[in-house]
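# Prediction below, plus the sequence it came from.
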Amino acid sequence: MEDFFQNVSRYPRYFITFTLGIFYSVFGWLRPLLKNPVTAIALIGFLVGGLFFVYFTLQAMLGLA
């Protein structure tokens, strides 16, 4: 039984490592776009627009309005 709990305790560490790896690779891919001011403003605009889209979609789906 001890092996079971030891194995289950590894999953959060794996999840954190996996998530950080995804963010690191995406940021590495987007870093060249941030060097040019025009593409940086466009990228930030898309990110903010995407966050607003998700926020308003979840608000409408959950009936919080």
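Perfect, I can see it now. Numbering: from 1, shown residues only.
# before we move on, which element is residue 61 in?
helix 37-62 (DSSP states H and E).
# For stretch 47-61, list every residue counted as buried.
By neighbour count on 16 or more other C-beta atoms under 10 Å, the buried set for stretch 47-61 is empty. (Each C-beta comes from the backbone N, C-alpha and C, glycine too.)
# and it, what's its mean pLDDT?
Across stretch 47-61, pLDDT averages out at 96.
# Show residues contacting it.
Contacting residues not belonging to stretch 47-61 are listed as residue 65 [C-beta atoms under 8 Å, 6 or more residues apart in numbering].
# Name the residue closest to the centre of this structure, please.
Nearest to the centroid of the C-alpha atoms of the chain, with distances taken as C-alpha atoms, centre = their mean, sits residue 23, at 6.4 Å.
# How far does the helix or strand harbouring it sit from its chain's centre?
Counting by DSSP H and E, the element that carries residue 23 is helix 10-34. Remark: helix 10-34 is offset 8 Å from the chain centroid, using C-alpha atoms, centre = their mean, to the nearest Å.
# quick one, it and helix 37-62 angle?
Going by axes from the mean of the first three to the mean of the last three C-alpha atoms, to 10 degrees, helix 10-34 is angled at 140 degrees with respect to helix 37-62.
# Packing partners of helix 10-34?
helix 37-62 (3 or more C-beta pairs under 8 Å, 6 or more residues apart in numbering; DSSP states H and E).
# before we move on, back to that, how far does the helix holding residue 61 sit from its chain's centre?
13 Å.
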